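[1] Make a model of this:
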Amino acid sequence: VYGETSFDFISQMVEEINITQDDVFIDLGSGVGQVVVQVAASTRAKLCIGIEKAEVPSRYAENVNLMFRTWMKWFGKKYGEYQLIKGDFLADEHREKIMSSSIVFVNNFAFGPNVDHMLKERFAELKDGAKIVSSKSFCPLNFRITDRNLSDIGTIMYVKEMQPRSGSVSWTGYVYSISSLFVLSHFCYI
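    This next block holds a predicted model:
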């Protein structure tokens with residue numbers, strides 16, 4: 001309904017953001033977990049985590065987990081550590097997982113303004129240099145700091161657009177944004 005993230009797009013994202021063995025990758029609203037297992041299989045990330053609240057995708061994620069492990073073993077392929085968690089990524093029990101992540105993926109195309117706002121509050125707690133890849137930007141490319149928006153996370157974000165390769169997302173004409181956080185400790189959030 002809202003657009004699924006394709007294998008090709010995740011491959012492009014992995015190429016562009018250079019995931020290393022020091023990175024912890026988290027997918028907020030991970031659906032059936034395909035992004036998490038792809039990143040675990042195609043990078044050297046220390047840990048990949050997916051958190052999904054909805055019941056049906058979470059049940060499918062259990063099957064994806066089982067099939068992924070079975071087929072990777074069958075073909076003798078290695079993959080990194082990963083977790084697929086059923087839960088609300090905005091719950092306090094997941095706060096530490098988000099805060100310790102260096103790369104956050106969120107397909108927030110269908111999230112409303114309230115969820116986006118709560119996510120921005122969580123992102124303010126990320127460590128310096130963390131990257132956020134989102135389907136809908138949390139801060140415009142041409143963000144300008146004014147007296148009215150000093151407490152907005154946009155004041156500490158560097159945003160760039162990532163044009164998905166043709167056919168790599170299931171909806172047309174969509175652009176992902178990659179945001180990097182910097183000088184996080186110099187700002188106060190409301």
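[2] Show me where the protein has its strands.
    Assigned by DSSP state E, the strands in the chain fall at 24-28, 47-52, 82-86, 103-106, 131-134, 157-162, 176-181.
[3] Least confident of those, on average?
    Mean pLDDT per stretch puts strand 176-181 lowest among the strands of the chain, at a mean of 51.
[4] Please give me every residue in contact with Lys136.
    Contacts here follow C-beta atoms under 8 Å, 6 or more residues apart in numbering; on that basis Lys136 touches Asn108, Phe109, Phe111, Asp116, Ser177. The way it works is simple: take the backbone N, C-alpha and C, and place the C-beta from them, glycine included.
[5] Just the closest of those residues to Glu125, please.
    Closest approach between those and Glu125, by C-beta to C-beta: Asp116, at 15.8 Å.
[6] you'd agree the closest one is up against Ala110?
    No - under the criterion of C-beta atoms under 8 Å, Asp116 is not in contact with Ala110, lying 10.7 Å apart.
[7] more crowded one of these two?
    Asp116 (15 against 12; other C-beta atoms under 10 Å).
[8] residues of the longest helix along the chain that come out buried?
    Longest helix in the chain, counting residues (DSSP state H): helix 55-74. For helix 55-74, burial by neighbour count (16 or more other C-beta atoms under 10 Å) applies to Pro57, Ser58, Tyr60, Ala61, Val64, Asn65, Phe68.
[9] Stretch 37-57 too?
    Of the residues in stretch 37-57, 37-40, 42-43, 45-53, 57 count as buried by neighbour count, 16+ other C-beta under 10 Å.
[10] what's across from Leu47 in the sheet?
    Val24 (DSSP bridges).
[11] Give me the residue ranges of this protein where confidence is low.
    1-3, 138-190 (pLDDT under 70).
[12] Taking the centroid of this structure, which residue is nearest it?
    Centroid-nearest residue in the chain, with C-alpha atoms, centre = their mean: Phe105, separated by 0.9 Å.
[13] So it versus Glu52, what's the distance?
    Distance, Phe105 to Glu52, using C-beta to C-beta, to the nearest Å: 12 Å.
[14] Touching both of the two, which residues are there?
    Counting by C-beta under 8 Å, 6+ apart, nothing touches both Phe105 and Glu52.
[15] The closest residue to Lys77 other than its chain neighbours and Phe109: what is the separation?
    Excluding the flanking residues, the one nearest Lys77 by C-beta to C-beta, 6 or more residues apart in numbering is Ala41, at 6.9 Å. Separation of Ala41 from Phe109 (C-beta to C-beta): 25 Å.
[16] Not counting its own residues, what contacts stretch 22-35?
    With C-beta under 8 Å, 6+ apart as the test, stretch 22-35 has contacts from 4-5, 7, 10, 19, 36, 39, 43, 45-54, 57, 60-61, 64-65, 84, 89, 97-98, 100-108, 111, 119.
[17] that older thread, mind listing the shared neighbours of Asp116 and Ala110?
    Going by C-beta under 8 Å, 6+ apart, no residue sits against Asp116 while also sitting against Ala110.
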